[in-house]
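> Please find the sequence and the predicted model below.
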Amino acid sequence: MSDIIKKPNHGLRVVALDMRDAIFAGVLSYARTAGWLVSPTGFYGGGPRKIAKWWSADGILVGGQLRLRGAVAAQWRSSRIPIVHCGGLPVKGLDQPAVSLDWRQAGRMPAVHLIERGFRQLAYCYMGNSPWVNDELAGAQAAAAAANCTVHVLDWNREYRRSPSPSRANLRRWMGKSLAALPKPLGLLVDDDWTALEAVEACRERGLTVPDEVAVVGIGNSEVFCENSPIPLSSVDLDYPRLGREAAVILDKLMQGGPRAKQPVVIPPRAVVCRRSSDIMASEHPEVAKALRHMWLNCGNVALDVPGIVSVTAMSKTGLNLAFRKHLNRSIGRLLLEIRLKRAQELMATTDLKMRQIAARCGFLAANTLRSVLLRETGMGPRAWRQKNALSPLPR
């Protein structure tokens, strides 16, 4: 990431126009160090010249999507005021810098997340005509094709237009009916967290268990939806704070006479934040599925071992191990280790817990055991792994 540009007078004034909170947080993380005065507003009227004059602004950051029409549109196109667009999508028809999100990766990441958990049947559900939908779907389909998996497409918008009395209740009924007809276990990718919450409700109304029959992953990692869902939602963290900070860096260069970038800066998603809605391994074999569920629910228990896993099934140790190798390409013991390490990595990425605390929560005998496993599996020790993968509240 670019360093702050030094200038004798740092008292620059910036308007943050129509910006979501997470992007604004990224802008502020840069503005505080740069010494800016930032004024948030939702007012578009009159074009950039009027906005800049009203706020005595040296530059404008646009977080929403401009509706380019008439004389005001011409003002946005021809403005010489430093402007950077950071709503997640480049604005068509404007020769101005933009910071956008990598929506293709936003679709690929949850597909990979589900495929790694053993799901061979995937579905992508979207509602509306959002311009990023095609990219998300293309990313999911590419990941599925590489793993020889199937992606079913569920278009809520098409059903909404067909319905004589469209409502959220009708959409949930349609969703539940559609999901019930697809092969199980099913990994469901949803275009945003609001729709993912509706999908969880649809599954509950239809009697489908989440995540056992349908694992759900949203996009956006909105705490309002993800943490308040009846089953906490896994979701792709789009790294909005970094988007805001990168936009602020570009605007700083423009306000100090730097050249305009010809291509938008594209910000990749950070990671899939795994919560209960996808926290499972999938298998079509009923006894393997039973063993997997027991492993995920009890992996934090240091006493859990292979005989204990076998005991919850109706198979012998040899038979279950053969089934694991056939359906999951792993032994029982190997998969238990992977599950424990995955849980440990999630805690390392999202908390400040010490290694001994993480080891105790994930079924490792001691912190040194966890360190050895992490080094062997990733080639990195705990400090290096955290520096590379930690999901801090703001970009570093």
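Happy to help now that I have it.
> how about the helices in the stretch 201-350 of the chain?
Along the stretch 201-350 of the chain, the stretches classed as helices by DSSP state H, counting those that start in this stretch are 223-226, 240-255, 286-298, 306-310, 317-328, 332-350.
> out of these, nearest to residue 87?
The closest approach between residue 87 and any of the helices of the stretch 201-350 of the chain, judged by C-beta to C-beta, belongs to helix 240-255 at 8.9 Å. C-beta coordinates here come from the backbone N, C-alpha and C atoms, glycine included.
> tell me what that closest one is packed against?
The helices and strands touching helix 240-255, judged by 3 or more C-beta pairs under 8 Å, 6 or more residues apart in numbering; DSSP states H and E, are helix 21-34, strand 59-62, strand 83-88, strand 98-101, strand 265-267.
> redo that, cut-off 10 Å
strand 13-17, helix 21-34, strand 59-62, strand 83-88, strand 98-101, strand 265-267 (3 or more C-beta pairs under 10 Å, 6 or more residues apart in numbering; DSSP states H and E).
> List the pairing partners of the fourth one within its sheet, with orientation.
Sheet pairing of strand 83-88 (DSSP bridges) gives strand 59-62 (parallel), strand 98-101 (parallel).
> Tell me which helix or strand comes right after the least confident helix or strand in the chain by mean pLDDT.
Among the secondary structure pieces of the chain, namely its helices and strands, helix 156-162 has the lowest mean (mean pLDDT, DSSP states H and E), a mean of 70. Moving toward the C-terminus from helix 156-162, the first helix or strand encountered (DSSP states H and E) is helix 168-180.
> Keeping just the C-alphas, turn that next one into CSV.
What follows is helix 168-180, C-alpha atoms only, in CSV (Å, rounded to 0.1, in the frame of the first residue of the first chain):
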residue,chain,number,x,y,z
ARG,A,168,-40.6,-12.1,0.9
ALA,A,169,-42.8,-15.0,2.1
ASN,A,170,-43.5,-16.1,-1.5
LEU,A,171,-39.8,-15.9,-2.3
ARG,A,172,-38.8,-18.0,0.7
ARG,A,173,-41.4,-20.6,-0.3
TRP,A,174,-40.0,-20.7,-3.8
MET,A,175,-36.4,-20.9,-2.5
GLY,A,176,-37.3,-23.7,-0.1
LYS,A,177,-39.0,-25.7,-2.9
SER,A,178,-36.0,-25.1,-5.3
LEU,A,179,-33.4,-26.2,-2.7
ALA,A,180,-35.5,-29.2,-1.7
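> still on that earlier bit, most tightly surrounded among the helices and strands packed on helix 240-255?
Sort these by mean neighbour count, taking mean count of other C-beta atoms under 10 Å, and strand 83-88 sits at the top with a mean of 26.
> any idea which of the helices of the stretch 201-350 of the chain is most buried?
Burial of these is given as mean neighbour count (mean count of other C-beta under 10 Å); helix 240-255 ranks first at a mean of 24.
> burial count for residue 179?
Using other C-beta atoms under 10 Å, the number of residues around residue 179 comes to 23.
> Tell me the confidence at it?
At residue 179, the model reports a pLDDT of 95.
> just checking, residue 365 touches residue 359?
Yes: using C-beta atoms under 10 Å, residue 365 makes contact with residue 359 at a distance of 7.5 Å.
> Kindly point out which residues are neighbours of both of these two.
Applying C-beta atoms under 10 Å, 6 or more residues apart in numbering, one finds that residue 365 and residue 359 are jointly contacted by residue 302.
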